[in-house]
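[1] coordinates only, sequence not included:
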């Protein structure tokens with residue numbers, strides 16, 4: 001059975017929910033993209049979405065953080081849980097947070113309305129394209145009806161459905177890589193250094209641009225099959 005104190009806390013949380021969200025939302029898409037908003041009317045041709053914290057730089061660049069515009073202080077915990085702290089400032093000031101989600105090297109935690117359009121991180125918050133391997137970081141102009149988070153489609157919504165017309169980039173035609181798979185420098189052969197570079201790209205320790213020829217199907221990543229194919233070319237030589 002719910003305790004009286006717990007019931008009171010839930011009622012209090014519900015009564016302030018709209019006010020808190022109004023301070024913690026950003027326009028996604030449209031002419032007001034990135035500006036604070038309280039309702040969808042503030043965001044013509046877009047949506048008003050919950051701002052998510054993302055580390056901007058440092059060792060945690062691109063990782064989630066709990067307190068956009070500030071950091072999580074372990075002093076003065078907002079609950080009886082010793083592992084939780086409180087946001088020191090910004091739109092989430094005074095709210096519970098986890099100090100483990102502070103950005104390393106004092107890098108800023110920035111609120112964002114953007115999410116990854118595809119790839120392994122589809123639907124997750126981002127600040128720029130580098131945070132979305134194989135995809136783009138984009139303000140979609142769409143929002144989950146149940147919780148106010150930004151979305152690409154319904155699969156990104158834990159609650160409700162993904163609503164709004166949205167704005168998406170127009171695909172641009174790309175030229176297929178020339179030469180043999182794994183011929184990173186275009187010199188007509190695949191060397192062990194080329195293969196090692198492909199391995200680093202596959203492990204996300206180097207950008208794909210350093211060896212576009214390693215991405216045979218142009219899906220934005222280098223797979224095990226492509227690595228094996230490159231090794232075969234290194235042994236047999238490039239076909240004329």
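    Yep, it's here. Note that the coordinates shown come from a computational prediction; the quantities given were computed from them, not determined experimentally.
[2] okay, CA-based contacts and neighbour counts for the rest of this
    Fine.
[3] other residues contacting stretch 162-173?
    Stretch 162-173 is contacted from outside by 29, 46-47, 138-145, 151-154, 156, using Cα atoms under 8 Å, 6 or more residues apart in numbering.
[4] ranges for the strands of the protein?
    For the chain, applying DSSP state E gives strands covering 25-28, 47-50, 52-55, 64-65, 72-73, 85-87, 96-97, 109-112, 115-116, 137-138, 143-144, 162-163.
[5] mean confidence for the first one?
    Mean pLDDT, strand 25-28: 96.
[6] next, the buried residues of it.
    25, 26, 27, 28 (16 or more other Cα atoms under 10 Å).
[7] which ones are touching the residue lying closest to residue 138 once chain neighbours are set aside?
    In space, residue 138 comes closest to residue 114 once its chain neighbours are excluded; the distance is 5.0 Å by Cα to Cα, 6 or more residues apart in numbering. By Cα under 8 Å, 6+ apart, residue 114 lies in contact with 28, 125, 126, 127, 137, 138, 139, 140, 150.
[8] scan those residues and report the most crowded one.
    Most neighbours among the contacts of residue 114, by other Cα atoms under 10 Å: residue 28, with 35 neighbours.
[9] wait, it touches residue 149, no?
    No: Residue 28 is beyond contact range of residue 149, at 10.3 Å (criterion: Cα atoms under 8 Å).
[10] between the two, what contacts are shared?
    Taking Cα under 8 Å, 6+ apart as the contact rule, residue 28 and residue 149 both touch residue 49.
[11] ok, and what's touching stretch 146-160?
    If you take Cα under 8 Å, 6+ apart as the criterion, stretch 146-160 is touched by 28, 48-51, 113-115, 117, 122-123, 140-145, 161-162.
[12] pull the number of nearby residues for the residue lying closest to residue 72 once chain neighbours are set aside.
    Leaving aside its sequence neighbours, residue 72 sits nearest to residue 87 (Cα to Cα, 6+ apart; 4.5 Å). Using other Cα under 10 Å, residue 87 has 27 neighbouring residues.
[13] who's in contact with residue 87?
    66, 67, 70, 71, 72, 73, 93, 94, 95, 96, 97.
[14] make CSV from these and add distance to residue 193 to it.
    Formatted as CSV, the contacts of residue 87 follow (distance: Cα to Cα, whole Å):
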residue, distance to residue 193
66, 41
67, 42
70, 43
71, 42
72, 44
73, 46
93, 50
94, 52
95, 50
96, 49
97, 45
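[15] and the helices in this structure?
    4-23, 192-202, 224-236 (DSSP state H).
[16] give the other helices and strands that the last one contacts.
    Here helix 224-236 touches helix 192-202, going by 3 or more Cα pairs under 8 Å, 6 or more residues apart in numbering; DSSP states H and E.
[17] which positions in the helix it packs on come out as buried?
    For helix 192-202, burial by neighbour count (16+ other Cα under 10 Å) applies to 194, 195, 197, 198, 199, 201, 202.
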